[in-house]
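**Q** got a sequence here, can you build the structure:
(2 chains)
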Amino acid sequence: MTAFLRMGGYAQYLWPAYGIAFTVLILNIIWARRALARARAEARRRIAVRGELALQGGQA
Amino acid sequence: MTWTWFHRLGSPPHVYRLAARLTPWFAWPAGVLIVAALYGGLVLAPPDYQQGDGFRIIYVHPPCAWMSLMVYVTMATASAIGLIWRMKVAYAVAASCAPIGASFTVATLLTGMLWGRPMWGTYWEWDPLLTSELLLLFLYLGYMGLRASFDDVQRADRASAVLAVVGVINVPVIHFSVYWWNSLHQAPSVMKLGEPTIALPMLIPLLMMFLGFTLYFVAILLVRLRGEVLRRERSASWIREVVTP
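**A** Numbers count the residues shown, from 1 in each chain, chains lettered A, B, ... in the order given. Below you'll find the predicted structure:
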């Protein structure tokens, strides 16, 4: 196990490289889901505002 | 052959629902391939006779580089389709690509530096390949910056599309710079015509990683695309159906 982690003396370059690549993979999942959630929330908010305006228009 | 499928891709509600349905079909195979490739690359593949275990960066650096280029080509192609056919969904695809591509370009540069240090003795060299990859990052950032500078989505779409299409010239420069100039960077072992110059137990995990990253890109793109489509379809009534729980 230690030999595996040492990676023939390349551990200090190898593991950070894997760390960077997998951080980017995971971040993209989080960012994409957050962007979609934000767009959905924004769309819901617009629908709600439009519903209220329509209601006021009907009463006037 | 009918073109119905192509015309339906112009329909935002169709695209939104299709993207939602397709995402898991790309995400799960991508996850399985990447994990399997990790095991194959870190455990099963033998050390390289020249680079020892250091060669194992090959399972992250070239896949990231592939992403940085493939995502750019996708972005430029979608931009061109948007400009030619005035297709809103194509612009939404292009806009979805930029942050993904930019992040993988950063990963390419950083993992490359970590490979360069032990193999070349330096983190950075103003070499044609490295410089053009850095230029790729600026193209992505320029694209996103340009989009952010417009309040109007349609104007942002058109202006940024022109930038994306013009910038595509940089892609062959990156790809062929290893051959055109006497680069410090080694020639690719896989992406060349004819026989790859790499042993099978090393090659298989690498190909799995390339395929895994590609499927992963499609999955991420589909999620982002839904958000972009929603942002563009401000007043459409179908939105009520898809966003209300």
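
**Q** what residues does chain B put near chain A?
**A** Taking C-beta under 8 Å from any C-beta of the partner chain as the measure of proximity, chain B contacts chain A at B:34, B:42-43, B:47, B:52-54, B:56-57, B:60-61, B:63-64, B:99-100, B:103-104, B:106-107, B:110-111, B:114-115, B:117-118, B:216, B:220, B:223-224, B:226-228, B:230-231, B:234, B:239-240, B:243-244. No exception for glycine: its C-beta is placed from N, CA and C like everyone else's.

**Q** can I have the buried ones of those residues as a ChimeraX selection?
**A** Remark: buried members of the residues of chain B next to chain A, expressed as a ChimeraX selection using 16 or more other C-beta atoms under 10 Å in any protein chain shown:
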select /B:34,42,53,54,56,57,60,61,63,64,99,100,103,104,106,107,110,111,114,115,118,216,220,223,224,226,227,228,230,231,239,243
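
**Q** so which of the residues of chain B next to chain A sit within helices?
**A** B:34, B:61, B:63-64, B:99-100, B:103-104, B:106-107, B:110-111, B:114-115, B:117-118, B:216, B:220, B:223-224, B:226-228, B:230-231, B:239-240, B:243 (DSSP state H).

**Q** middle-most residue in chain B, spatially?
**A** Most central in chain B under C-alpha atoms, centre = their mean is residue B:71, positioned 2.7 Å from the mean C-alpha point.

**Q** identify the residues contacting it.
**A** Each residue near residue B:71 by C-beta atoms under 8 Å, 6 or more residues apart in numbering or on different chains is listed here: B:97, B:100, B:101, B:104, B:217.

**Q** please report how far the last one lies from residue B:179.
**A** The one in question is residue B:217. Residue B:217 is 26 Å from residue B:179, where distance means C-beta to C-beta, to the nearest Å.

**Q** more neighbours: which of these two?
**A** residue B:217 (22 against 11; other C-beta atoms under 10 Å in any protein chain shown).

**Q** ok, for residue B:224, nearest residue in space, not its chain neighbours?
**A** residue B:96 (3.7 Å; C-beta to C-beta, 6 or more residues apart in numbering or on different chains).

**Q** what number of residues lie near that neighbour?
**A** 27.

**Q** report the distance from the helix or strand encompassing residue B:176 to the chain centre.
**A** Using DSSP states H and E, residue B:176 sits in helix B:170-180. Taking C-alpha atoms, centre = their mean, to the nearest Å, the mean C-alpha location of helix B:170-180 is offset from the chain mean by 17 Å.

**Q** alpha carbons of it, as CSV, please.
**A** Extracted in CSV, the C-alpha atoms of helix B:170-180 (Å, rounded to 0.1, in the frame of the first residue of the first chain):
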residue,chain,number,x,y,z
ASN,B,170,-6.4,27.8,-32.4
VAL,B,171,-7.6,24.2,-32.1
PRO,B,172,-5.5,22.7,-35.0
VAL,B,173,-2.6,24.9,-33.9
ILE,B,174,-2.7,23.1,-30.5
HIS,B,175,-3.1,19.7,-32.0
PHE,B,176,-0.4,19.9,-34.6
SER,B,177,2.1,22.2,-32.8
VAL,B,178,3.9,19.1,-31.5
TYR,B,179,4.8,18.2,-35.1
TRP,B,180,5.1,21.7,-36.6
